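1. what follows is a predicted structure for the sequence shown.
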Amino acid sequence: MLLDEIKAQMFQAMKAGDITRKEVLRVAVGEITTDAAREGRKGDDDEARAIVKKLVKSIEETIAQTSDEAQKATLKTEVEVLSQFLPKTLSEDDIVALLAPVAEGVKAAANDGAATGVAMKHIKTTGAAVDGKAVSAAVKRLRS
């Protein structure tokens, strides 16, 4: 289970004296367990991944807003630590290749929104992990 893996890494960081790693993992464990308790269930890996993804997004937004280079470096380290628990997302080029079977449907769509809908429907059937912005860019590339 993902939560157990995060806890194990947190304890390793504690033993190694890696404060940044320990703290970001502690926050992740807290968020995951709080969410599960709030919902009255144990929680599964998908829910844990969603919470980790939310934490990564929040940290990335903070990186964009801060001007302190030392804090940016710490935050980037936190993103790296948490990102290891997320599935690897496909690049824009990989998404374009994945959409080859439905490329005509994407091109024939009335607008970019409809084209993105066609693309996402196909991507969901493959089970691939993708970033919405990368899908949007891939759709625009296919339509141009």
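-> On my side now, so go ahead.
2. mind checking how far the residue nearest the centre of the chain is from residue 94?
-> Nearest residue to the geometric centre of the chain (Cα atoms, centre = their mean): residue 53, 4.3 Å. Applying Cβ to Cβ, to the nearest Å, the value for residue 53 to residue 94 is 19 Å. For every residue, glycine as well, the C-beta is placed using N, CA and C.
3. please enumerate the helices of this structure.
-> 2-16, 19-39, 45-65, 69-83, 92-98, 103-108, 112-126, 132-143 (DSSP state H).
4. as CSV, these with mean pLDDT would be great.
-> Shown next, in CSV, are the helices of the chain (pLDDT from 0 to 100):
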stretch, mean pLDDT
helix 2-16, 95
helix 19-39, 93
helix 45-65, 93
helix 69-83, 95
helix 92-98, 90
helix 103-108, 89
helix 112-126, 89
helix 132-143, 89
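5. circling back: quick one, what contacts the closest residue in space to the residue nearest to the centre of the chain that isn't next to it in sequence?
-> Residue nearest to residue 53 in three dimensions, not counting chain neighbours: residue 86, with 5.9 Å by Cβ to Cβ, 6 or more residues apart in numbering. Neighbour list for residue 86: 49, 52-53, 56, 129 [criterion: Cβ atoms under 8 Å, 6 or more residues apart in numbering].
6. and stretch 130-141, C-alpha only, in CSV?
-> Output of stretch 130-141 as CSV, limited to C-alpha atoms (Å, rounded to 0.1, in the frame of the first residue of the first chain):
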residue,chain,number,x,y,z
VAL,A,130,-1.3,12.1,-18.5
ASP,A,131,-1.2,15.8,-17.6
GLY,A,132,-4.1,17.8,-18.9
LYS,A,133,-1.9,20.6,-20.2
ALA,A,134,0.2,18.0,-22.2
VAL,A,135,-3.0,16.5,-23.7
SER,A,136,-4.2,20.0,-24.7
ALA,A,137,-0.9,20.8,-26.3
ALA,A,138,-0.9,17.4,-28.1
VAL,A,139,-4.4,18.0,-29.4
LYS,A,140,-3.5,21.4,-30.7
ARG,A,141,-0.5,19.9,-32.4
